[in-house]
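Student: got a structure for you, letters missing:
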């Protein structure tokens, strides 16, 4: 595949990890590592200025144990990536979907790791 245009550049923005025990993981990241944590539904978010770690209650052996997301500059960039992924024979799990201020697509890499490309205003 040819190199992506700058307008569709991917920026790693978050990592989602499944954990065996959400409370123990929250204490580890907050109390042991000293990182700021925030509850968001049934997930723990650990924020950096340009990166988000999401911990969810899914044992590491579960299907959705790991996913990471790339942010792009526009909703149109998500669609551009969808076309490129399809042309490359990539297994798209869902999307692209979303309207207005959000648009995303989920797919898997050759090792079945889930990847998200998204736009968020």
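Tutor: Received, thanks. Nothing here was measured: the structure is a model prediction, and the numbers come from that model. Residues are numbered from 1 along each chain as shown.
Student: CA atoms for contacts and neighbours, from now on please.
Tutor: Fine.
Student: so residue 51 makes contact with residue 13?
Tutor: Yes: the criterion here is C-alpha atoms under 8 Å, and residue 51 meets it with residue 13 at 4.8 Å.
Student: just checking, what packs against the top helix by length along the chain?
Tutor: Ranked by residue count, the top helix of the chain under DSSP state H comes out as helix 75-87. Applying 3 or more C-alpha pairs under 8 Å, 6 or more residues apart in numbering; DSSP states H and E, we find helix 75-87 packed against strand 92-97, strand 102-108, strand 114-120.
Student: and for the shortest one, what's in contact with it?
Tutor: Spelled out, that is strand 92-97. 78, 79, 82, 85, 86, 103, 104, 105, 106, 107, 108 (C-alpha atoms under 8 Å, 6 or more residues apart in numbering).
Student: neighbour count for these - can I get that in CSV?
Tutor: Listed next are the contacts of strand 92-97 as CSV, based on neighbours: other C-alpha atoms under 10 Å:
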residue, neighbour count
78, 26
79, 20
82, 21
85, 15
86, 11
103, 22
104, 24
105, 21
106, 20
107, 20
108, 15
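Student: mind picking out the helix or strand in the chain with the poorest mean pLDDT?
Tutor: strand 66-71 (a mean of 84; mean pLDDT, DSSP states H and E).
Student: partner strands of that one and their direction?
Tutor: Counting by DSSP bridges, the strands paired with strand 66-71 are strand 11-19 (antiparallel), strand 114-120 (parallel).
Student: buried stuff in the longest one?
Tutor: Okay, so that is strand 11-19. 12, 13, 14, 15, 16, 17, 18, 19 (16 or more other C-alpha atoms under 10 Å).
Student: which residue packs closest to the fifth one, ignoring adjacent ones?
Tutor: It refers to residue 16. Distances taken as C-alpha to C-alpha, 6 or more residues apart in numbering put residue 54 closest to residue 16, at 4.5 Å, once the chain neighbours are dropped.
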